[in-house]
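Undergrad: task: produce atomic coordinates for the following.
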Amino acid sequence: MAVCENHCTFVSKIIGCGLSHTLRHHDILTVDTNKKISNEPNNKKKNTSNLFSGKWFTIMAFSIVAYLILVVFHNDYLYAVENHSLWLNSRHFLEERMLQPGGLMMWAGCYLTQYFHYPFLGALILVALWVLVYWLTIKAFRLEKGNCILALIPVTALLCSEIDLGYWLYYIKIPGYWFSESIGVAFTLAAIYLSRILKPWPRIVWMTVFCLGGYALFGWYALLGTLVMILPFNSQRSMVNVQCSMAILVVIATPLLWYHHYTTMRFEDIWLAAFPLFQSNKTFSILPSIPFIIIALTLILLPFMKASLGKMMNLTTVAACCALVYFFWFGDSNYHAELHMMRALEQRDWETIIKTAKEQKEHPTRQMILVRNLALLNTNRLGDEMFTFDNETVLPATYDSLKVRMVKTAAPEIYLQYGKTNFCYRWCIENGVEYGFNVIHLRHMAKTCILNKELNLALKYINLLKRTTFHKKEAMRLEAMVFNPSMVEADDEMKAVVNLIDANDMLDADNSACDMYLTQYFSQVTSHNPVMADLVTAYTLFVKNNELFWPRFMNYGILHQGEHIPLHYLEAAYLFGNIDNNPVFDDLQFDLAMVQSYSNFQISMYNLKQKGLSEKEIATELKKTFGKTYWWYYYFVLDNKFY
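TA: Here you go, the predicted model:
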C-alpha cells in the first residue's frame with residue numbers, strides 16, 4: 001500500500017520512545033525482585049509508579065499516535081465515513097439491524113460512527129475504546145510486567161482496519177464497521193475475562209450462555225470468545241477436556257440453531273456471521289480482513305504465553321506493530337485529495353477545491369477534474385483557467401482487484417451539482433439498495449425531490465434526516481423550502497443547480513460512467529442560460545470537436561455580449577480556425593501575444609519532430625512552455641481515464 005515514509009518514521013519514533021521508557025522501568029522491576037525493602041509505603045509508591053510506567057505508558061503513547069494519525073492524516077476520511085453511514089433514532093432502525101447476527105454490535109457501531117461528523121470527537125471516542133480493549137486484553141490474559149506489550153497487537157490491528165480501506169469505503173456492506181469491530185473485540189475480551197474469574201462449572205454455564213446469546217448480538221465474536229475460553233490457562237487446566245467437549249458442541253450448534261431464525265443469511269456464512277468480508281460483484285479482497293485474522297490469532301495464542309518476554313521480543317513486537325501500520329496505511333494522494341474536495345463541495349468552498357487541485361502533484365482522477373471544473377464555473381474562472389491545471393488523468397489507485405466506478409463513489413453529489421437531478425436520484429436509490437442508505441442519499445434525494453416539485457416525497461426523506469443526530473439543521477432548512485418554494489431561488493446551492501437544469505432533462509442511459517456521460521452531454525447540449533452556456537462551451541474543448549465548438553462559442557458570445565471572452569475559448573477558436581478555415585474565424589480579434597504563442601508552439605513541435613523525438617518526448621518538452629495552453633491539451637492529452 002502506498003504511504004509516505006515520514007508517516008512510518010512518525011509512528012516509530014513516538015512508540016519507540018514509549019517502549020524504551022517501558023523497558024527501562026521493566027529492568028528496574030526485574031533486577032530488584034529478590035531484594036527486601038523495609039520501607040513499605042515507599043515500596044508501594046515505587047511499585048505504583050513502575051506499574052504506571054510499564055503497563056500504561058505504552059498505551060498512552062499508542063493513543064497519542066493513533067489519535068494524531070486519525071485526526072491529522074485522516075480528517076477528511078473520517079468526515080466521509082460519517083457521510084456514508086446512517087443511524088436513525090427509531091425502533092424500526094434497531095429492528096432492521098437485528099435481522100442479522102451481530103445486529104446490536106452494528107447498531108451501536110452506527111450510533112458511534114455519527115460522531116465522526118466532528119472528526120476530533122469521533123476519533124477521541126474510538127481511541128478511548130481502544131484503551132479499553134488494551135486494558136481488557138491485559139486483564140483477560142493476565143499479562144504482567146514484560147509481556148504486557150502484547151496487548152498492543154489487537155489495538156494496532158484495529159487501527160489498521162480503520163486506515164486500510166481506501167475505496168472500499170464506498171463498497172463496504174457492514175453497517176457501523178468503523179466502531180462495530182472495536183465493540184466486538186471489547187465484548188469478546190470482557191467475556192473471556194469474566195470466564196477467567198469464574199470457577200470451572202459456572203464457567204461452562206457462562207460459555208454456553210455467552211455463545212448462544214452473544215451470537216445474535218455480536219456474531220462471530222461470540223464463537224471466537226468461546227473457543228478462546230476453552231484453551232488451557234494456568235490452574236484451570238484440569239477442566240480442559242470437559243470444557244473442550246461442551247464448548248465445541250456449543251460452537252457447532254449455535255450457528256445451526258440461529259440459522260433457522262435469520263432469513264437473510266446463507267448457510268455457508270453462519271460461522272463467520274458479521275465477520276468483515278470485502279466483496280463487490282466478482283471482486284473479493286482478503287487484505288482488509290487481515291487485521292481481524294491477526295486479532296483472532298492473537299487471542300488464541302495469548303493463553304499460551306507463560307514467561308515474560310525479553311527486551312528483544314518487546315522491541316520486535318513494537319517493530320511489528322509499526323510495520324503493520326506502515327503496510328496497511330492507504331496513503332494514495334489522489335484518494336485523500338478526492339475526499340478533501342468532496343468535503344469542500346458539500347460546503348461550497350470553491351477556493352479550497354481550487355487550491356487542492358493546484359497543490360496536487362500526481363495526475364488527477366476524472367472525479368477531481370469534474371469537481372474542480374464546478375469550482376471554476378462557480379467562481380467565473382472556468383474558461384480562463386481550466387487548462388492551467390493538470391488534465392492528464394489516471395484511474396483510482398487500489399491495492400487489490402477492486403474496480404472503482406464513479407457512480408459508486410461520488411455520482412449523487414456530482415450529478416446534483418451538474419443539474420442532473422434524475423440521475424442523482426437514480427444512483428442514490430441504486431447505491432442505497434446495494435450498500436445501504438446513508439446520510440448523503442437522504443440529503444440528495446430530498447433536494448432532488450424539491451427541485452422536481454415532488455414535495456410529499458421530499459418530506460419523507462426530510463423526516464428521516466430529522467431522526468439523525470447531527471443533520472437536523474439541514475433537514476429543517478430543506479423542510480422550509482418545501483413549505484416556502486420561493487426559498488429555493490434564494491438558496492445559493494439550489495440556485496446554482498437550477499442554472500444547470502435542462503428543460504428537457506430526462507433519465508436516459510449513462511452506462512454507469514458518470515464522467516463520460518457528463519462530458520458528452522454538456523458538449524452537445526445548447527442552452528440560453530449564461531451559466532450553462534459557459535459550461536457547455538468549456539466541454540466542447542474537452543471533447544476536441546470543432547463542429548460542436550463553433551455554435552456553442554457563438555451562443556456564448558451572444559449571451560455574454562460586452563463581457564470578457566475567456567482565454568481558453570479564444571485559444572480554441574484560433575486553433576480550430578486554423579484547422580478548418582471557419583468564416584467566423586475572420587471576424588474575431590485575437591491578442592497578439594496569444595497568436596505569437598500559437599505560432600511558437602507549432603514551430604517548436606515541428607522542429608522536435610524533425611529531430612526524431614517520440615510523441616511522448618515532444619509532449620514533455622513542449623509542456624515546459626505551453627503546458628497551460630489549450631493547444632497543448634488538444635495535441636497531447638489523448639487518453640482520458642473514464643471510470
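Undergrad: outline the domain layout of this protein.
TA: Domain ranges of the chain: 5-331, 422-508, 514-636, per automatic domain parsing.
Undergrad: in CSV: the ones you listed, plus distance to V371 and mean pLDDT.
TA: All C-beta atoms are positioned from the backbone trio N, CA, C, and that covers glycine. Below are those laid out as CSV (distance: least, CB to CB, whole Å; pLDDT from 0 to 100):
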stretch, distance to V371, mean pLDDT
domain 5-331, 13, 84
domain 422-508, 14, 94
domain 514-636, 11, 92
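Undergrad: all strands for the stretch 201-350 of the chain, in order.
TA: Counting by DSSP state E, counting those that start in this stretch, the stretch 201-350 of the chain has strands at residues 278-280, 283-285.
Undergrad: now, of those, which is deepest in the fold?
TA: strand 278-280 (a mean of 17; mean count of other CB atoms under 10 Å).
Undergrad: can you give the distance of that strand from its chain's centre?
TA: 15 Å (CA atoms, centre = their mean, to the nearest Å).
Undergrad: and the contacts of it?
TA: Contact with strand 278-280 is made by W168, Y171, I172, K173, F284, S285, I286, L287, P288, S289, L402, K403, as judged by CB atoms under 8 Å, 6 or more residues apart in numbering.
Undergrad: which among the residues you listed gets closest to Y598?
TA: K403 (40.3 Å; CB to CB).
Undergrad: that closest one belongs to a helix?
TA: No. Assigned with DSSP: H, G, I helix; E, B strand; the rest coil, K403 falls outside any helix and is coil.
Undergrad: for it, give me its contacts.
TA: Taking CB under 8 Å, 6+ apart, one finds S280, N281, T283, Y643 in contact with K403.
Undergrad: the last one and T537, how far apart?
TA: Distance of Y643 to T537, given as CB to CB, to the nearest Å: 25 Å.
Undergrad: identify the residues contacting stretch 551-559?
TA: 526-530, 533-534, 536-537, 540, 565, 569, 572-573, 584.
Undergrad: endpoints of stretch 354-365, how far apart?
TA: End-to-end distance for stretch 354-365: 15 Å, by CA to CA, to the nearest Å.
Undergrad: pLDDT of that stretch, averaged?
TA: Averaging pLDDT along stretch 354-365 yields 96.
Undergrad: how about L143, phi and psi?
TA: The phi/psi pair for L143 (degrees, to the nearest 10) reads phi -80, psi 130.
Undergrad: hmm, who's touching the helix or strand hosting K447?
TA: Assessed by DSSP states H and E, K447 sits inside helix 439-451. Contacts with helix 439-451, where a contact means CB under 8 Å, 6+ apart, come from 82-86, 412-413, 416, 421-422, 424-425, 428-429, 431-432, 455, 457-458, 461-462, 464-465, 468, 471, 474-475, 478, 481-482, 488, 494, 497-498, 501.
Undergrad: can you tell me the element V407 falls in?
TA: helix 406-409.
Undergrad: for whichever helix or strand comes after that helix, packing partners?
TA: Following helix 406-409 in sequence order, the next helix or strand is helix 411-417 (DSSP H and E). Where contact means 3 or more CB pairs under 8 Å, 6 or more residues apart in numbering; DSSP states H and E, helix 411-417 is packed against helix 333-346, helix 366-378, helix 421-435, helix 439-451, helix 492-499, helix 514-524.
Undergrad: for the last one, name the packing helices and strands.
TA: Put plainly, it is helix 514-524. Packing contacts for helix 514-524, counted by 3+ CB pairs under 8 Å, 6+ apart, involve helix 366-378, helix 406-409, helix 411-417, helix 421-435, helix 530-543.
Undergrad: distance between it and the chain's centre?
TA: 26 Å.
Undergrad: buried sites along it?
TA: Buried residues in helix 514-524, counting neighbours by 16 or more other CB atoms under 10 Å, are found at C514, D515, M516, Y517, L518, T519, Y521, F522, S523.
Undergrad: which pair in those spans the largest distance?
TA: C514 and S523 (15.0 Å).
Undergrad: any of the contacts of helix 439-451 buried? List them.
TA: Judged by 16+ other CB under 10 Å, buried ones among the contacts of helix 439-451: 82-86, 412-413, 416, 421, 424-425, 428, 431-432, 457-458, 461-462, 464-465, 468, 471, 474-475, 478, 481-482, 488, 494, 497-498, 501.
Undergrad: give the burial count for H340, as a bare number.
TA: Neighbours of H340 under the rule other CB atoms under 10 Å: 22.
Undergrad: who touches it in this structure?
TA: Contacts of H340 (CB under 8 Å, 6+ apart): D76, T352, T356.
Undergrad: most neighbours out of those residues, which is it?
TA: T356 (22 neighbours).
Undergrad: wait, it touches M341, no?
TA: Yes. T356 lies in contact with M341 (CB atoms under 8 Å); the separation is 5.4 Å.
Undergrad: touching stretch 502-521 from outside, list them.
TA: Contacts of stretch 502-521 (CB under 8 Å, 6+ apart): 366-367, 369-370, 405-407, 410-411, 414-415, 418-423, 426-427, 525, 527, 532, 539, 542-543, 640, 642-643.
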